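Visitor: Test case, fold it:
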Amino acid sequence: MNETEGKKKGRVPRILKWIGWILAAPILLFVLLTTLLYIPYVQDFAVRPVVAYAESESGYNIELQRLRISFPLDLDLQGLVATDSEGDTIVATKSLVVDLDMGRVLKQHVRVDAVELQEARLNSKDIIASMELRGSLQRLYIRADDIDLNTSHVSINDAQLHTADVAIALRDTIIEEEEGEWEGEPTAWVIDIGRLQVDDTRVSFASVGDSLQLLAAISSAHIDNGHIDLGRSIYEVADARLAADTLHFVLLAADSSLTAVPLPRFSIGMSDVTFKQSPLQVDVEKLAFATASSHIEGSLYADLPSLYFDAGDAVRIKLTTTLSRADLLGIASSFLPPQLGMAYPDETLSAGLTLQGNLKKMRLSQLTASLPGSIDLAVSGELHDFLDSLGRTAAICFQLSTSNIE
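Guide: So this is what the prediction gives:
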């Protein structure tokens, strides 16, 4: 072997080594950068660019005190505050912990093993077209199997809400759009919920125009198999159970006066529930309401836009109930004269109602009421053209027997 051939053979390993280093450099650089992300000093340095990116993507002003990342990709956002251009707070939280599964992120599918929100304040403002949601909470935990960023669809396996104060106000989106008052960009996300558990939470609800207001102190509640379509304002629940310490109805009369109707501690169960806001439609296949001494069971369907047309059953109501003296007088105390309350016997009222139709033709299949020792009532019939003050007619059949009425 001459000297030239020896030099050529010595160069080959060196060339292969350099090729190996060139190929390995991107991998090593990725590993290095990934490792650096877990160093607190680097994470503190990354807060500013992360906030800048989040602001550009969301359109909100964002403050973030601290960002922490732990293996494999657990994000802890501490002291997070997001405000809109008017300075209103959209979200403020002491801590937001997100445990991500990165296997599908590049495909714009995100699996969230856990999200935990602690000591937070929320305000949806114009994010949801059909309602405004605001409140505060001590803890919110969410486990989402899939978040599809392409189709705006979320599948939540489990959600838990603890110690919260939530206010829900419905909007009349049709009027706002016609009058040009709606300026938000409503979200079109679809959310499927396997189970939602709520504990120790106050909820207030206001309908459009504040004609109906509810205030409830919920000790415990759960929802199974829920479906929420925010774009179409459709809400569906397969099964729901709720136990509340108090519930107050506030009704707005035609003269703008308010009437408060308190309810004692109660529980309520519903199955196969659908609520559509536009057009307004409510369907409850099975309803059960109970206090310590009263009980109501039945079903409810109402399609309000169809109520004014002779086009089938726009309303279907079927209820059976037993009401104790204490509950009945407690609920109706704002409507009844004091003398009636004093004379009302200490008996349980049993009643039933089956009603279906529309305002052109309403059929009262049965209305029954029985108060032992005092009254027995049975009513059935039909009502035609209810809104026509001159042409309305009715055919009513009733049986009434009384005793011991003074």
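Visitor: By average pLDDT, which secondary structure element in this structure comes out worst?
Guide: helix 173-179 (a mean of 44; mean pLDDT, DSSP states H and E).
Visitor: which parts of the very next helix or strand once past that helix are buried?
Guide: Going down the chain from helix 173-179, the next helix or strand is strand 190-206, by DSSP states H and E. The neighbour-count check on strand 190-206 (16 or more other Cβ atoms under 10 Å) flags 190-196, 198, 201-204, 206 as buried. In short, each C-beta sits where N, CA and C put it, glycine included.
Visitor: Among these, which pair sits farthest apart?
Guide: 194 and 206 (28.9 Å; Cβ to Cβ).
Visitor: low-confidence ranges in the stretch 301-406 of the chain?
Guide: 334, 404-406 (pLDDT under 70).
Visitor: ok, which stretches of it are helices?
Guide: Counting by DSSP state H, counting those that start in this stretch, the stretch 301-406 of the chain has helices at residues 325-332, 338-343.
Visitor: just to revisit the earlier point, of the buried residues of strand 190-206, closest to residue 270?
Guide: Distances from residue 270 to the buried residues of strand 190-206, taken by Cβ to Cβ, are shortest for residue 196, at 13.6 Å.
Visitor: Flag whichever of the buried residues of strand 190-206 scores worst on pLDDT.
Guide: Least confident by pLDDT among the buried residues of strand 190-206: that is residue 206, with 83.
Visitor: quick one, what contacts it?
Guide: 167-170, 212-214 (Cβ atoms under 8 Å, 6 or more residues apart in numbering).
Visitor: give me the beta-bridge partners of the nearest residue to residue 362 once chain neighbours are set aside?
Guide: Spatial nearest neighbour of residue 362, excluding adjacent residues (Cβ to Cβ, 6 or more residues apart in numbering): residue 383 at 4.5 Å. Bridge pairing for residue 383 (DSSP bridges) gives the partners residue 362, residue 394.
Visitor: burial measure for residue 383, as a count.
Guide: 18 (other Cβ atoms under 10 Å).
Visitor: cool, residue 129 as well?
Guide: 22.
Visitor: Next: residue 56.
Guide: By other Cβ under 10 Å, neighbour count at residue 56 equals 8.
Visitor: my read is it is in a strand, agree?
Guide: No - with DSSP: H, G, I helix; E, B strand; the rest coil as the criterion, residue 56 is helix rather than part of a strand.
Visitor: That one and residue 80, how far apart?
Guide: 17 Å (Cβ to Cβ, to the nearest Å).
Visitor: got it, and residue 189?
Guide: In terms of Cβ to Cβ, residue 189 sits 21 Å off from residue 80.
Visitor: So which of the two has more stuff around it?
Guide: Neighbour totals were compared for residue 189 and residue 80, and residue 80 leads with 21 against 17 (other Cβ under 10 Å).
Visitor: hang on, the earlier thing: among the helices of the stretch 301-406 of the chain, which is the most enclosed?
Guide: Among these, helix 325-332 has the highest mean neighbour count (mean count of other Cβ atoms under 10 Å), at a mean of 17.
Visitor: Please give the centre-to-centre distance between that one and its chain.
Guide: Put simply, helix 325-332 sits 30 Å off its chain's centre (Cα atoms, centre = their mean, to the nearest Å).
Visitor: Please apply the same query to stretch 300-307.
Guide: 22 Å.
Visitor: residues of it that come out buried?
Guide: 300-303, 306-307.
Visitor: and which of the contacts of residue 206 is nearest residue 314?
Guide: residue 212 (19.3 Å).
Visitor: you'd agree that closest one is up against residue 261?
Guide: No - contact criterion Cβ atoms under 8 Å: residue 212 and residue 261 do not qualify, at 10.5 Å.
Visitor: re the thing from before, distance to residue 94 added to the helices of the stretch 301-406 of the chain, as a markdown table?
Guide: Shown next, in a markdown table, are the helices of the stretch 301-406 of the chain (distance: least, Cβ to Cβ, whole Å):
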| stretch | distance to residue 94 |
| --- | --- |
| helix 325-332 | 41 |
| helix 338-343 | 50 |
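Visitor: of the ones you listed, which approaches residue 120 most closely?
Guide: Nearest of those (Cβ to Cβ): helix 325-332, 35.7 Å.
Visitor: give the contact list for residue 216.
Guide: 202-204, 244, 246-248.
Visitor: ugh, typo on my part, it should be residue 95
Guide: 76-78, 116-119.
Visitor: try 7 Å
Guide: 76, 78, 118 (Cβ atoms under 7 Å, 6 or more residues apart in numbering).
Visitor: what about it, which SS state?
Guide: strand.
Visitor: Please name the bridge partners of it.
Guide: residue 78, residue 118.
Visitor: I'd like to know how far it sits from residue 142.
Guide: From residue 95 to residue 142 the distance is 14 Å (Cβ to Cβ).
Visitor: close enough to count as contact, residue 189 and residue 154?
Guide: Yes - the pair residue 189 / residue 154 is scored as a contact, 6.3 Å apart, by Cβ atoms under 7 Å.
Visitor: Just flag the most distant two among the buried residues of stretch 300-307.
Guide: 300 and 306 (15.0 Å).
Visitor: excluding its backbone neighbours, what's nearest residue 238?
Guide: residue 225 (3.6 Å).
Visitor: My guess is that neighbour contacts residue 271. True?
Guide: No - assessed by Cβ under 7 Å, residue 225 is found out of contact with residue 271, at 10.3 Å.
Visitor: who touches both of these two?
Guide: Contacts common to residue 225 and residue 271, judged by Cβ under 7 Å, 6+ apart, are 238-239.
Visitor: what separates stretch 149-168 from the chain centre, distance-wise?
Guide: The answer for stretch 149-168 is 8 Å, by Cα atoms, centre = their mean.
Visitor: buried set for that stretch?
Guide: 154, 156, 159-161, 164, 166-168.
Visitor: cool, and stretch 88-104?
Guide: Buried residues in stretch 88-104 (16+ other Cβ under 10 Å): 89-93, 95-101.
Visitor: circling back: how close does the residue nearest to residue 238 get to residue 156?
Guide: Residue 225 is 11 Å from residue 156, by Cβ to Cβ.
Visitor: just residue 226 next, same as before
Guide: 9 Å.
Visitor: and residue 320, what are its bridge partners?
Guide: With DSSP bridges as the rule, residue 320 is bridged to residue 297, residue 352.
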